[in-house]
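1. make a model of this:
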Amino acid sequence: MRARTAADEHVLSHGMEDTRAALATWRAGNWRVLRGWFALGLGIALVLLAAVWVTSGLLPADITPWKLPGVTEPSHLSDLLPILYRNSLVLALHASACVAGFIAGSSMPLAAEQRTGFSRWVHVKAGELAILFVAAVTIFSLSTQALYLGFQGSTLAYQLHISRLELILSVLPHALIELTALFLPLAAWLIASRRGEWNQLLAATAVTVAIAIPMLICAATIEVYVWPHILRSLSDHHYTLQGQFTH
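-> Below you'll find the predicted structure:
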């Protein structure tokens, strides 16, 4: 038992040392590492938006009138809360995938070295499962968001009498900020895994989440207070605040 505790403490301390070393390296490099994360995060966001455009053309629109703050009713500060709650769940899922990458590529191999027999086998398999978890999270997140946002896009385009392309263009001011922020942890994981820098992923998780939070608040503010004006200017008809059309 004491040997196992000592091994666990060694893994934990080693992980903290790796995290401090990664942060020090990034600071010394003037945070150039952020360029790659943002570039890949933005790339994933653009791919997702393209998928939304495709799926919105395949999914049937909901003809039940929707309530959209700023279009069918006045916008309120409380309208930010559902958006931030939904995005916080997605960010937490992506951050957990990044942590799983750290566990799979750094902590578990180190822990396995400290053990023998069945315990060593368990730690090796746990690392492999963590990698599978990250892959599953990535596929699940992209597919579910493409379907959910595609359905929303189909419905909004139909009800506002605008094209799907116009709708996609209208969301760019907030969607690019929001989606890039959400995919920063996964972008860090993909880059680190390609370079074999698994030991940096715990630090990457902390940094990407800290950056993503203010970006998500900014995106939600644009979505609630700016995007409705863009939609109304694009629509063939204009909603009154009571949800009726005026010509």
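2. pLDDT value on the residue minimising distance to the centre of the chain, please?
-> Nearest to the mean C-alpha position of the chain, by CA atoms, centre = their mean, lies residue 182 at 2.3 Å. pLDDT for residue 182: 95.
3. roughly how far apart are it and residue 140?
-> Using CB to CB, to the nearest Å, residue 182 is found at 13 Å from residue 140. For the C-beta atoms, the positions are set from N, CA and C on the backbone; glycine is no exception.
4. sorry, back to before: is it correct that the residue nearest to the centre of the chain is in contact with residue 88?
-> No: look at residue 182 against residue 88 with CB atoms under 8 Å: they stay out of range, at 9.8 Å.
5. anything in contact with each of the two?
-> Here residue 182 and residue 88 share the contacting residues residue 216, scored by CB atoms under 8 Å, 6 or more residues apart in numbering.
6. run the chain-centre distance for the helix or strand residue 100 falls within.
-> If you go by DSSP states H and E, residue 100 is part of helix 80-102. What separates the centre of helix 80-102 from the centre of its chain is 6 Å, taken as CA atoms, centre = their mean, to the nearest Å.
7. report the buried residues of that helix.
-> Using 16 or more other CB atoms under 10 Å as the test for burial, helix 80-102 gives 80, 83-84, 87, 90-91, 93-95, 97-102.
8. and that helix, what does it pack onto?
-> helix 117-160, helix 164-182, helix 184-195, helix 201-225 (3 or more CB pairs under 8 Å, 6 or more residues apart in numbering; DSSP states H and E).
9. any chance of a markdown table for those, columns distance to residue 73?
-> Below are these laid out as a markdown table (distance: least, CB to CB, whole Å):
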| stretch | distance to residue 73 |
| --- | --- |
| helix 117-160 | 14 |
| helix 164-182 | 19 |
| helix 184-195 | 33 |
| helix 201-225 | 12 |
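10. return the most buried member of those helices.
-> Mean neighbour count (mean count of other CB atoms under 10 Å) peaks for helix 184-195 among the helices and strands packed on helix 80-102, with a mean of 22.
11. would you list the phi and psi of residue 74?
-> Main-chain dihedrals, residue 74, degrees, to the nearest 10: phi -60, psi 150.
12. that one and residue 81: what is the separation?
-> Look at residue 74 and residue 81: by CB to CB, they are 16 Å apart.
13. helix 164-182 and the helix holding residue 100, what's the angle between them?
-> Here helix 80-102 points in a direction 60 degrees away from that of helix 164-182 (axes from the mean of the first three to the mean of the last three CA atoms, to 10 degrees).
14. now what about helix 80-102, what contacts it?
-> Against helix 80-102 from outside (CB under 8 Å, 6+ apart): 15, 130-131, 133-134, 137-138, 141, 145, 178, 181-186, 188-189, 192-193, 198-199, 201-202, 204-205, 208-209, 212-213, 216-217, 219-221, 223-224.
15. thank you kindly, that will do.
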